[in-house]
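Peer 1: Here is the input, now give the coordinates:
(chains A and B)
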Amino acid sequence: GQQVMQIPQYQHVQEGEDFTTYCNSSTTLSNIQWYKQRPGGHPVFLIQLVKSGEVKKQKRLTFQFGEAKKNSSLHITATQTTDVGTYFCAGRGTNAGKSTFGDGTTLTVKP
Amino acid sequence: DGGITQSPKYLFRKEGQNVTLSCEQNLNHDAMYWYRQDPGQGLRLIYYSQIVNDFQKGDIAEGYSVSREKKESFPLTVTSAQKNPTAFYLCASSISGSPGGELFFGEGSRLTVL
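Peer 2: Residues are numbered from 1 along each chain as shown, chains lettered A, B, ... in the order given. So this is what the prediction gives:
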């Protein structure tokens, strides 16, 4: 079945440093979504990417979808303490209707 | 306020007991989902429903059951057949009946089996 791998599992940064998490699928995806889960909270939708090579920005966050539509990344510039949490990608296969979540990357930011 | 309400937030159960988790949404969404989250892991799909009176198994449906008698409600029963039920359970919904759209999550129910 479809597998979505996400790395790294944990990332500790100093406030102001950049952060990147990567998501790789075993199969071609029709779309990929990113979610953020604050400690003790529930996942909240950030963005969806659909097109090959797509790049979208939300303030300090940059999301990319690979040309082959099998990988994606989330990059945060100049992290802040409010960025702490676990970031999940969720990829939807071209054949299967449902999305598969990666295991997430947990970001901690030291002030 | 529109949203998804899960109850209870915390639940303790003895081994061998069934327990039902409630999920209600007033977003008028067609699709609803149940996910299980274990520490350090992603969300694994238990069941999903695209329309009323219809639902499909997800990746880890064994030991669970659901119903979808109303558009607003999608309760999950954790049966005694579920071997390791202690987990954080998340209910979600999406606008269209086609899975893969933006998911709106409830605040979750944390089940502990004693």
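
Peer 1: Residue numbers of chain B in contact with chain A?
Peer 2: Residues of chain B lying near chain A by C-beta under 8 Å from any C-beta of the partner chain: B:35, B:40-45, B:48, B:58-59, B:90, B:98-100, B:102-108. (Glycine included, C-beta is placed from N, CA and C.)

Peer 1: which of those residues are buried?
Peer 2: B:35, B:42-45, B:48, B:58, B:90, B:99-100, B:102-106, B:108 (16 or more other C-beta atoms under 10 Å in any protein chain shown).

Peer 1: Confidence-wise, which of those residues comes last?
Peer 2: Among these, residue B:99 carries the lowest pLDDT, at 52.

Peer 1: Quickly check the buried ones among the residues of chain B next to chain A for the two that are furthest apart.
Peer 2: The widest separation within those, taken as C-beta to C-beta, falls between B:100 and B:108 and amounts to 21.6 Å.

Peer 1: you'd agree residue B:109 is up against residue B:9?
Peer 2: Yes. Between residue B:109 and residue B:9 there is a contact under C-beta atoms under 8 Å: 6.2 Å.

Peer 1: Neighbour count: those two, which is higher?
Peer 2: Neighbour totals were compared for residue B:109 and residue B:9, and residue B:109 leads with 23 against 10 (other C-beta atoms under 10 Å in any protein chain shown).

Peer 1: which ones are touching the more buried one?
Peer 2: Counting by C-beta atoms under 8 Å, 6 or more residues apart in numbering or on different chains, residue B:109 makes contact with B:6, B:7, B:8, B:9, B:10, B:11, B:21, B:88, B:89, B:91.

Peer 1: Having no further points to raise, I will conclude here.
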